[in-house]
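Undergrad: any chance you could fold what I've pasted below:
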Amino acid sequence: MSEGLNIESGIIQTLCYFDVFDYPLTIDELRKFHPANLAGVALEESLEKLLKKQFLFCFNGFYSLQNKPELCQVRSKGNERAGKMLQTANRIGKILGQFPFVKFVGISGSLSKDYADENADIDYFIITKSGRLWIARTFLHVLKKFSFLFNKQDWYCMNYFIDENALKIAEENIFTATEVVTLKPVFDQGILNGFYEANNWVLPYFPNYTRPSLWPKVLVNENRIKKMLEMILDNRFGSWLDNLCMDVTSGRWAKKEKKNQLNPQAAPLGLLTGQHFARPNPAHLQKKILDSFLSKLKRMEAMTGLFLTETDDIIITD
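TA: Just a heads-up that it's a prediction; the model follows:
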């Protein structure tokens, strides 16, 4: 991916992406997300060069493109808040794994990067049994309906579903690659390795990335109700019901998009659906982030004279 980038260019490119979120990075994070293989390479010398030229700034061990020390304070508070929320997310993720046909649950979104602002949701990435994604999703969203009674709906944001026969993420770009490598697995029934193998396209983006183990360990399924429901629905009726759930949900979301409905954060609602997936429409949030990233790359390229932009790696592919 990044044969044209030197160490300094890679540092700036990495900071440009996280600057979209006003999120400064530590030197360890710069190494983890750097687009070039840094085996045996020390970053300190390159960072000093960039600091002297004021292409980036450092406050209390956090590096940023912005000369704003308050960003580091905000990040530190967000990291502390995330530490507490992750314990809740871990418990809920295990509960979600006890629902019929759920084979994997991972924490995604900002919380998977160990950050949570005051309005943070808990986002989950879920993999189901093939041919039963829509039944699983329907069961889980019934649970979410109940969470509204306790004003805890933000703890149950299950916004990305795939099944075991469609493990490869459809869009291959830095946004989705970052989501894959920061995913925090909390429940797995033998899917995790296959998921990482199906998405080894992320490695050119992050050659210094090392695959995580299950966080914190595999949860063995001993839920008799889950097993019973899976047995009851493992037939033609179950296939018919899965298709029905898909048709009903797809139709409802199509109407939301047609009416240009917005979520509580004033972002457009959009869901791409198919037999093996239910995922956010990349034309909304994903495109906005990638456009902002590309804009920052071009601005920093003009400022520094370094080669930074690799458009083919930024655009959305489907």
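Undergrad: distance-wise, check the spatially most central residue of the chain relative to Y205.
TA: By C-alpha atoms, centre = their mean, the chain has its centre lying nearest to E179, at 3.1 Å. Going from E179 to Y205 by C-beta to C-beta, to the nearest Å gives 11 Å. Backbone N, C-alpha and C define where each C-beta goes, glycine included.
Undergrad: tell me who's in contact with Y63.
TA: With contact set as C-beta atoms under 8 Å, 6 or more residues apart in numbering, Y63 has these partners: 11, 15, 24-27, 30, 47, 56-57.
Undergrad: of the residues you listed, just the buried ones, PyMOL syntax please.
TA: In PyMOL, the members of the contacts of Y63 classed as buried (16 or more other C-beta atoms under 10 Å) are selected with the following command:
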select buried, resi 11+15+24+25+27+30+47+56+57
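Undergrad: ok, which stretches of this structure are strands?
TA: Secondary structure of the chain by DSSP state E: the strands cover 57-59, 62-64, 102-108, 123-128, 157-163, 184-188, 271-274, 277-280.
Undergrad: can you put those in a markdown table and add mean pLDDT and distance to L140?
TA: Formatted as a markdown table, the strands of the chain follow (pLDDT from 0 to 100; distance: least, C-beta to C-beta, whole Å):
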| stretch | mean pLDDT | distance to L140 |
| --- | --- | --- |
| strand 57-59 | 96 | 41 |
| strand 62-64 | 97 | 37 |
| strand 102-108 | 95 | 7 |
| strand 123-128 | 97 | 7 |
| strand 157-163 | 94 | 5 |
| strand 184-188 | 93 | 12 |
| strand 271-274 | 92 | 14 |
| strand 277-280 | 93 | 11 |
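Undergrad: separation between G251 and C245?
TA: The gap separating G251 from C245 is 11 Å, by C-beta to C-beta.
Undergrad: tell me which of those two has more neighbours.
TA: Under the criterion of other C-beta atoms under 10 Å, the comparison of G251 against C245 puts C245 first, with 19 against 10.
Undergrad: ok, now which ones touch the more buried one?
TA: Contacts of C245 by C-beta under 8 Å, 6+ apart are 134-135, 137-138.
Undergrad: what does the model give it for pLDDT?
TA: On the pLDDT scale, C245 is placed at 96.
Undergrad: so how far is S239 from it?
TA: On the measure of C-beta to C-beta, C245 and S239 end up 11 Å apart.
Undergrad: how about H284?
TA: Remark: distance between H284 and S239 (C-beta to C-beta) = 31 Å.
Undergrad: do N281 as well
TA: Distance of N281 to S239, computed by C-beta to C-beta: 26 Å.
Undergrad: same check, this time on M85
TA: Where S239 is concerned, M85 sits at a distance of 38 Å (C-beta to C-beta).
Undergrad: just M228 next, same as before
TA: 18 Å.
Undergrad: ditto for W201
TA: Taking C-beta to C-beta, one finds W201 at 31 Å from S239.
Undergrad: and if you look at K168?
TA: Note on K168: its distance to S239, by C-beta to C-beta, is 23 Å.
Undergrad: chain neighbours aside, what residue packs nearest to W155?
TA: Nearest in space to W155, with sequence neighbours left out and distances taken as C-beta to C-beta, 6 or more residues apart in numbering, is I122 at 4.8 Å.
Undergrad: per-residue pLDDT, K68?
TA: Reported pLDDT at K68 in the predicted model: 96.
Undergrad: er, L5 actually
TA: 62.
Undergrad: and L306, by the same measure?
TA: Listed pLDDT for L306 reads 87.
Undergrad: likewise for L219?
TA: 52.
Undergrad: contact partners for L65?
TA: 12, 15-16, 19, 55-57, 296, 300.
Undergrad: M303 too?
TA: Counting by C-beta under 8 Å, 6+ apart, M303 has contacts F55.
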